[in-house]
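Trainee: Dropping a prediction and its sequence here:
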Amino acid sequence: MPWSKRPSLPRRYKALEPFIRQNVVELLEKMLASPDHRGDMVRDLAYDVPTITILTLIGAEVSQVDTFKRWSDSRAAMTWGDLSDEEQILHAHNLVEYWQECLRLVRVAHQDGGDNLTADLVKSQQEGAEISDHEIASVLYSLLFAGHETTTTLISNALRELLARPEQWKQLVADPKTIPAAIDEVLRYAGSIVGWRRKALKDTEVGGVAIEEGSQLLLLMGAANRDEGKFSSGEDFDITRTNAREHLSFGFGIHYCLGNMLAKLQAKIALEEVARLAPGLQLERPDATTFRENLSFRVPETVPVSWKA
């Protein structure tokens, strides 16, 4: 069986659920113990949860959260940033460290095995799957970045959009079964990635516009997700929307996000526990949210909140 068709990922995701929930509860309880009754959902929750989850999934040291975040910041800067030569050198060194760590994790899996995704992939290789060590390391390289950066943003955007609309937040708190639909509406309305680059492989036509082979394209999923031809009142945020799942925030076809199940699972747990432990949470200064300057990612820098004693 090809390694990509093995059931490792869904099984791994399900096994992580109790661990994710415990982590979310501990972080929320720590935030809610703040004497000034103020917090930041990015700093206090969304920053750590996905990173710790993905490091656990692949068998990396959880104590390295800040190191992996530094490497991921460098990857984002090198891929989507506008850097000077000196800045590129600094980030390039970080990316070399990042790649060497991925290779090291593969070597450890060969030597010691383990109960993690890296060991699963190495085992698949040993059982005859056509996947090299370099390819396994490449999977880790992608997962370590995509597996936490976009989920941090998803959790942050979900809380920001919901708390900015108290009536919809109250509706979610009263009926937690609405959370999965609410997450899809967040993905549609405020997805983590709003644009992506592609290159036309042949002459084609889209929407009456001719596109020549070799053309560099910027695909705006954020615009497609608000297309009035697909989503009625697409500029409105509505957690009762019946077709929100048809968004393009996870891509499409062979490019569909490998970690979509894990991202939605973590967002679901985060919203469930915030609704349970802090139903009266209020968004502070909703109009003052700032975002990182980036062509592809819609990343809030802070989501300040407060609550009554």
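Mentor: Sure, I can see it. Numbering: from 1, shown residues only.

Trainee: going forward, measure contacts and count neighbours with C-alpha atoms only.
Mentor: OK.

Trainee: packing partners for the lowest-mean-pLDDT helix or strand in the chain?
Mentor: Counting by mean pLDDT, DSSP states H and E, the chain has its least confident helix or strand at helix 65-80, which shows a mean of 87. With contacts taken as 3 or more C-alpha pairs under 8 Å, 6 or more residues apart in numbering; DSSP states H and E, helix 65-80 sits against helix 48-58, helix 85-112, helix 133-163.

Trainee: As JSON lines, those helices with distance to residue 215, mean neighbour count and mean pLDDT would be great.
Mentor: Shown next, in JSON lines, are the helices and strands packed on helix 65-80 (distance: least, C-alpha to C-alpha, whole Å; neighbours: other C-alpha atoms under 10 Å; pLDDT from 0 to 100):
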{"stretch": "helix 48-58", "distance to residue 215": "35", "mean neighbour count": "22", "mean pLDDT": "92"}
{"stretch": "helix 85-112", "distance to residue 215": "26", "mean neighbour count": "16", "mean pLDDT": "96"}
{"stretch": "helix 133-163", "distance to residue 215": "26", "mean neighbour count": "21", "mean pLDDT": "91"}
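
Trainee: Show me where this structure dips below the pLDDT cut-off.
Mentor: 1-9 (pLDDT under 70).

Trainee: related to what we said a few turns ago, could you dump the helices and strands packed on helix 65-80 into a markdown table with distance to residue 127 added?
Mentor: Shown next, in a markdown table, are these (distance: least, C-alpha to C-alpha, whole Å):
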| stretch | distance to residue 127 |
| --- | --- |
| helix 48-58 | 19 |
| helix 85-112 | 13 |
| helix 133-163 | 14 |
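
Trainee: which one of the ones you listed lies closest to residue 20?
Mentor: Among those, the nearest to residue 20 by C-alpha to C-alpha is helix 48-58 (6.7 Å).

Trainee: what helices or strands is that closest one leaning on?
Mentor: Secondary-structure packing of helix 48-58 (3+ C-alpha pairs under 8 Å, 6+ apart): helix 8-32, helix 65-80, helix 117-126, helix 133-163.

Trainee: What are the neighbouring residues in contact with residue 138?
Mentor: Residue 138 makes contact with residue 102, according to C-alpha atoms under 8 Å, 6 or more residues apart in numbering.

Trainee: Can you give me every residue that contacts residue 176?
Mentor: 272, 275.
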